[in-house]
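Participant: turn this into a model:
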Amino acid sequence: MNDSLLSGEGYNIADILDGFPHGVAILDNDLRLVTMNRFLEGLTGYSSVDTRGIYGDSIIRSNLGNRGQIFQQVLTTGEPVVLEGDIINRGRRRIIIQFTISPLRDHLDRIIGLIVVLEDISSLPSVISTQGFPDDSTEILGHSLKMQEVFELMPLMARTDASILITGETGTGKDKIAEAIHKTSKRGRHPFIKINCGALPESLLESELFGHIKGAFTGAVKDKPGMFKLAQDGTIFLTEIGDMPLPLQVKLLSVLDDREFFPVGGDKKVKVDVRIIAATHRSLREEVEQGNFREDLFYRLNVLHMHLPPLRERDGDIRFLLDHFLREFTKRLDKKINGFTARSIDLLTSYNYPGNIRELRNIVEYCANLCQDDKIRTEHLPKYLFDPSTPPVPAQDQTSRIPPSSASSQQTGSPEKDWLAIEKDMIVQALMKVHGNRSKAAKELGWGRTTLWRKLSLHNLS
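Facilitator: Okay, the predicted model is just below:
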């Protein structure tokens, strides 16, 4: 690796790169990472120290082509390029990016590497409106009065730096609200880092949040900056805060009060300037009463509070969301489905959706994949939506055309496959059809590459 890329007389290259309001990486002629600035660390979730010498496309995981094709093109031609694409960060979040890739030359005008600038454009209105699926964007949908109240609160919360506690049932969109508030705040050009406090054991969660020093524990072979350090000047989103272990609650309280902390195994405090947004589906007041959550931390987090209503309380939004998601999935699957039958609408709008928007979206995805008609009928709906006493195909829909597989299952009396089994079969059949080529299989299924990757892991097919 060419260390001359980091050399300079009278200046510190790291300070220069950190002055950019966008992510910046320097690659050598072998397309290995030399360094990246703090903004890109937050964007990707990786630290510059840990990734030095690794191929750039292994850290900047984009859709610009395999094996750094665009990077190699700029090295060869010497011509800079500007194009839009996306990256998948360490947390498997897709971020829409404008890439500016330019050759880096020495004093003899020889190309000695590349400078790659990544501008997060996912918050631009034109991008939000065209990204497609809500799980890949910060798009927030709703016309009900309760959601209008939420929308009115968001800009007020974005203008301040106070801590926010967002509550609401699973699937109500707490993470999207948090990111939207961050994007429209004065910290919007800095990192937004999300971590699930209930997904990791205590020791690992502490290291992820606050970092550790070399030798702090077995396997700590080098210093590691934590998520708080990577989120410097930005926002850290602590989802499922109610699951955070009590010892870590004490440390988090110290960060809120003093804006500093000790890394795991360290004896030198690290100062940070980070806004904290926390979220939970639990009642933290009840957790406090039961001794599972510190009362002082609850009040420090609950400076500003926003509650997201469950879908069943959002009058009119269910029908609106059903139509929205159906348009998105039919476009993605290249199908012509013109809505739902009256009976299907009755069932879908009367269901209480314990999984809220996430569950509703999954139901529409199920229906859109299964339906071969011009409308989604009751036989295309997931079985669990029906009351046990209700037949799978109600009498008023008996005249509709039933796919051969469904008719066969009714005649033989065998139960229909659940959606996971159907989806797994679809993936296997698509892979067989294209002889194992995953890119072609994703196209065959109407999915993006990252969606297929996630589904392969879900079904243990990876």
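
Participant: give me the below-cutoff pLDDT ranges for the stretch 301-450 of the chain.
Facilitator: Residues of the stretch 301-450 of the chain meeting the criterion pLDDT under 70: 387-420, 422, 446.

Participant: for it, which segments count as strands?
Facilitator: 304-307 (DSSP state E, counting those that start in this stretch).

Participant: shaky segments in the stretch 101-250 of the chain?
Facilitator: 122-139.

Participant: where exactly do the helices run in it?
Facilitator: Along the stretch 101-250 of the chain, counting by DSSP state H, counting those that start in this stretch, helices occupy 125-128, 145-158, 174-183, 202-210, 227-230, 246-258.

Participant: dump the ones you listed to TSV, plus distance to residue 435 and mean neighbour count.
Facilitator: Every C-beta, even on glycine, is put in place using the N, C-alpha and C of the backbone. Formatted as TSV, those follow (distance: least, C-beta to C-beta, whole Å; neighbours: other C-beta atoms under 10 Å):
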stretch	distance to residue 435	mean neighbour count
helix 125-128	35	12
helix 145-158	47	14
helix 174-183	38	23
helix 202-210	40	18
helix 227-230	41	23
helix 246-258	49	15
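
Participant: tabulate those helices (JSON lines), appending distance to residue 265.
Facilitator: Shown next, in JSON lines, are those (distance: least, C-beta to C-beta, whole Å):
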{"stretch": "helix 125-128", "distance to residue 265": "41"}
{"stretch": "helix 145-158", "distance to residue 265": "36"}
{"stretch": "helix 174-183", "distance to residue 265": "30"}
{"stretch": "helix 202-210", "distance to residue 265": "9"}
{"stretch": "helix 227-230", "distance to residue 265": "15"}
{"stretch": "helix 246-258", "distance to residue 265": "14"}
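
Participant: among those, which comes closest to residue 366?
Facilitator: Smallest distance to residue 366 across those (C-beta to C-beta): 21.7 Å, for helix 174-183.

Participant: extract the C-alpha trace of that closest one and format it as CSV.
Facilitator: Coordinates of each C-alpha in helix 174-183 appear next as CSV, following Å, rounded to 0.1, in the frame of the first residue of the first chain:
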residue,chain,number,x,y,z
LYS,A,174,-40.2,4.4,15.1
ASP,A,175,-36.9,4.0,13.2
LYS,A,176,-38.2,5.9,10.2
ILE,A,177,-39.4,8.8,12.4
ALA,A,178,-36.1,9.0,14.2
GLU,A,179,-34.1,9.1,10.9
ALA,A,180,-36.4,11.7,9.4
ILE,A,181,-36.0,13.9,12.5
HIS,A,182,-32.2,13.5,12.2
LYS,A,183,-32.1,14.3,8.5
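
Participant: what residues does that helix touch?
Facilitator: 122-123, 134, 138-140, 150, 154, 157-158, 164, 166-168, 188, 192, 194, 234-235, 237, 239, 275, 277, 279, 306, 308 (C-beta atoms under 8 Å, 6 or more residues apart in numbering).

Participant: buried residues in stretch 298-311?
Facilitator: Of the residues in stretch 298-311, 298, 300-301, 304, 306-311 count as buried by neighbour count, 16 or more other C-beta atoms under 10 Å.

Participant: so which of these sit within helices?
Facilitator: Mapping the buried residues of stretch 298-311 onto helices (DSSP state H) picks out 298, 300-301.

Participant: and of those residues, the nearest to residue 42?
Facilitator: Of all these, residue 301 has the smallest distance to residue 42: 21.5 Å, by C-beta to C-beta.

Participant: what's the spacing between the closest one and residue 195?
Facilitator: Going from residue 301 to residue 195 by C-beta to C-beta, to the nearest Å gives 15 Å.

Participant: skipping adjacent residues, who's closest to the residue nearest the centre of the chain in space?
Facilitator: For the chain, the residue lying nearest the average C-alpha position, counting by C-alpha atoms, centre = their mean, turns out to be residue 93 (3.4 Å). Spatial nearest neighbour of residue 93, excluding adjacent residues (C-beta to C-beta, 6 or more residues apart in numbering): residue 194 at 7.3 Å.

Participant: what about that neighbour, how many residues close to it?
Facilitator: 21 (other C-beta atoms under 10 Å).

Participant: ok, what's across the strand from it?
Facilitator: Counting by DSSP bridges, residue 194 forms beta bridges with residue 237.

Participant: just to check, it is in contact with residue 89?
Facilitator: No. The criterion here is C-beta atoms under 8 Å, and residue 194 misses it with residue 89 at 9.8 Å.

Participant: okay, buried residues for stretch 262-282 please.
Facilitator: Of all the residues in stretch 262-282, those buried under the rule 16+ other C-beta under 10 Å are 263-264, 266, 270, 272, 274-281.
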